[in-house]
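Enquirer: Could you work out the structure for the sequence below:
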Amino acid sequence: VRIVYEGGGSDSRLTGDAKKNSKSGRLESKGMDVRFVNKIMHHKFVLVDGPRDDASKAASTKIASGSANWSASAVKTFDENTLFIEQAPGLAQKLQREFDLMWSHTRDFALETPIAQELSSVSLPDPIPADVGIDAYFTSGNFKVKGTTFSSVGTNVAADALVKAIKGAQHSIHVASGHLRSRPVALALMEKAKASPGLDIRVYLDGQEYISAEGDADQQSSLQGCLAAAGNNESKQRACTDKGFLYGYEVGAAGAKVRYKTYAYRWDNSYAKQMHNKFFVIDGSTVFSGSYNLSDNAEHDTFENILVFRGAEHAALVSAFEHKFDQLWETGRDKKASVE
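Expert: Numbering: from 1, shown residues only. Now for the predicted structure:
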């Protein structure tokens with residue numbers, strides 16, 4: 001059992017009994033190797049009996065992946081989705097490659113007696129043959145690595161895939177996301193709404209994303225000032241747009257329908273019942289879903305994934321996501337609990 005764990009970094013800085021009794025320490029005491037990366041580890045996927053040493057095992061690998069953190073709040077309180085997937089050898093190999101990339105450049109939690117780092121021995125084909133109707137995108141494509149240090153190269157692998165899907169939509173774009181802070185995605189939604197006013201574009205967000213007209217004007221002013229100061233420096237420009245700009249107001253003003261799940265007068269993580277899903281349904285025929293937050297920070301500073309399912313082979317799955325979106329869209333409407 002090998003675990004790349006976001007909490008491993010903070011746990012590794014503990015000492016004595018505190019380190020031993022941390023989550024990472026308790027896992028390692030049971031013989032599981034815990035390691036961490038220098039970027040935010042936001043993936044939520046597991047490979048059971050995967051192709052770590054034998055590519056033929058990809059056909060029988062069991063996969064789980066989705067929006068849900070492995071926490072009590074995600075299981076009991078938040079709006080989440082998790083996919084359980086079998087008989088998808090191409091996807092299993094792509095996820096194995098992603099895990100191996102991280103694992104090969106991780107930093108060790110290292111309890112009193114460190115567990116030796118075991119690397120996968122499998123030789124995966126390049127490119128990996130795709131499963132019918134399944135694709136996958138990883139933000140690791142935006143990183144270069146040296147030793148145990150990943151750094152951003154400024155590309156937008158995941159956002160580019162979503163922007164392409166938005167531009168190609170013919171009938172509908174349904175988005176359920178905890179955040180809407182990705183500049184490329186937000187601009188694409190606004191452009192599509194203006195260019196195709198008859199298109200059914202609906203965006204359902206968590207309450208923490210709500211911003212008023214006055215608040216939007218303030219953040220617009222701050223962003224423009226930051227970009228002016230950045231000049232033509234691309235890294236400084238990216239620092240301006242990666243700060244967590246809330247695009248919900250602008251997307252709604254452009255003509256898309258935007259609703260927010262509201263559950264308190266003031267949002268706070270301690271009592272939030274979050275709308276934590278992260279999925280797109282395009283034209284009722286394609287679903288994009290995974291760990292990826294719609295934010296520039298997720299693109300450039302975080303390990304994320306988006307899985308894509310389309311076509312007749314996955315029509316039932318896409319329909320299930322569309323049905324879930326319709327349920328989310330009407331959350332609390334009879335009680336006036338949503339703000340549009």
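
Enquirer: Nearest residue to Gly255 in space, please, no chain neighbours.
Expert: Closest residue to Gly255 apart from its sequence neighbours, by Cβ to Cβ, 6 or more residues apart in numbering: Ala193 at 3.7 Å. Bear in mind the C-beta positions are built from the backbone N, C-alpha and C, glycine included.

Enquirer: Helix, strand, or coil at that neighbour?
Expert: At Ala193 the chain is in helix, as set by DSSP: H, G, I helix; E, B strand; the rest coil.

Enquirer: Who are the contact partners of it?
Expert: Leu199, Ile201, Val251, Ala254, Gly255, Ala256 (Cβ atoms under 8 Å, 6 or more residues apart in numbering).

Enquirer: just Ile3 next, same as before
Expert: Counting by Cβ under 8 Å, 6+ apart, Ile3 touches Leu27, Met32, Asp33, Val34, Arg35.

Enquirer: From those residues, list the buried ones, please.
Expert: Neighbour counting by 16 or more other Cβ atoms under 10 Å classes Leu27, Asp33, Val34, Arg35 among the contacts of Ile3 as buried.

Enquirer: was I right about the third one contacting Gly8?
Expert: Yep, that's Val34 we're talking about. Yes: at 5.1 Å, Val34 and Gly8 qualify as touching, with contact defined as Cβ atoms under 8 Å.

Enquirer: Common neighbours of those two, please.
Expert: Contact criterion Cβ under 8 Å, 6+ apart; residues shared by Val34 and Gly8: Ser24, Phe109.

Enquirer: Now do the closest residue to Ala55 other than its chain neighbours, the pLDDT please.
Expert: Nearest non-adjacent residue to Ala55, counting by Cβ to Cβ, 6+ apart: Val122, 5.4 Å away. Val122 carries a pLDDT value of 96.

Enquirer: check contacts around Phe84.
Expert: Neighbours of Phe84 in contact, by Cβ under 8 Å, 6+ apart: Lys62, Ile63, Ala64.

Enquirer: Which element, helix or strand, includes Phe150?
Expert: When elements are assigned from DSSP states H and E, Phe150 belongs to strand 149-152.

Enquirer: neighbouring strands for that strand, and are they parallel or not?
Expert: Looking at strand 149-152 with DSSP bridges, its partner strands are strand 143-146 (antiparallel).

Enquirer: Where does the prediction get shaky in the stretch 201-340 of the chain?
Expert: For the stretch 201-340 of the chain, the stretches flagged by pLDDT under 70 are 335-340.

Enquirer: Just the strands from it, written as ranges.
Expert: For the stretch 201-340 of the chain, the strands defined by DSSP state E, counting those that start in this stretch cover 257-261, 278-282, 286-290, 302-303, 305-310, 338-339.

Enquirer: wait, what's in contact with the nearest residue to Ser152 once chain neighbours are set aside?
Expert: In space, and not counting its chain neighbours, Ser152 is closest to His300: 4.4 Å by Cβ to Cβ, 6+ apart. Contacts for His300 (Cβ under 8 Å, 6+ apart) come out as Thr139, Asn142, Ser152, Gly154, Arg238, Asp242.

Enquirer: rerun that using 10 Å as the cut-off
Expert: Each residue near His300 by Cβ atoms under 10 Å, 6 or more residues apart in numbering is listed here: 39, 139, 142-143, 151-156, 159, 238-239, 241-242.

Enquirer: mind checking how far it is from Asp49?
Expert: Relative to Asp49, His300 is positioned 33 Å away (criterion: Cβ to Cβ, to the nearest Å).

Enquirer: ok, now Arg107?
Expert: Arg107 sits 27 Å away from Asp49, going by Cβ to Cβ.

Enquirer: of these two, who's got more company?
Expert: With neighbours defined as other Cβ atoms under 10 Å, Arg107 and Asp49 compare such that Arg107 has more, 15 against 12.

Enquirer: ok, that one touching Thr148?
Expert: Yes: using Cβ atoms under 10 Å, Arg107 is in contact with Thr148, at 5.1 Å.

Enquirer: number of nearby residues for the residue lying closest to Ala165 once chain neighbours are set aside?
Expert: Spatial nearest neighbour of Ala165, excluding adjacent residues (Cβ to Cβ, 6+ apart): Ile282 at 5.0 Å. Using other Cβ under 10 Å, the number of residues around Ile282 comes to 22.

Enquirer: now Arg333
Expert: Around Arg333 there are 11 residues (other Cβ under 10 Å).
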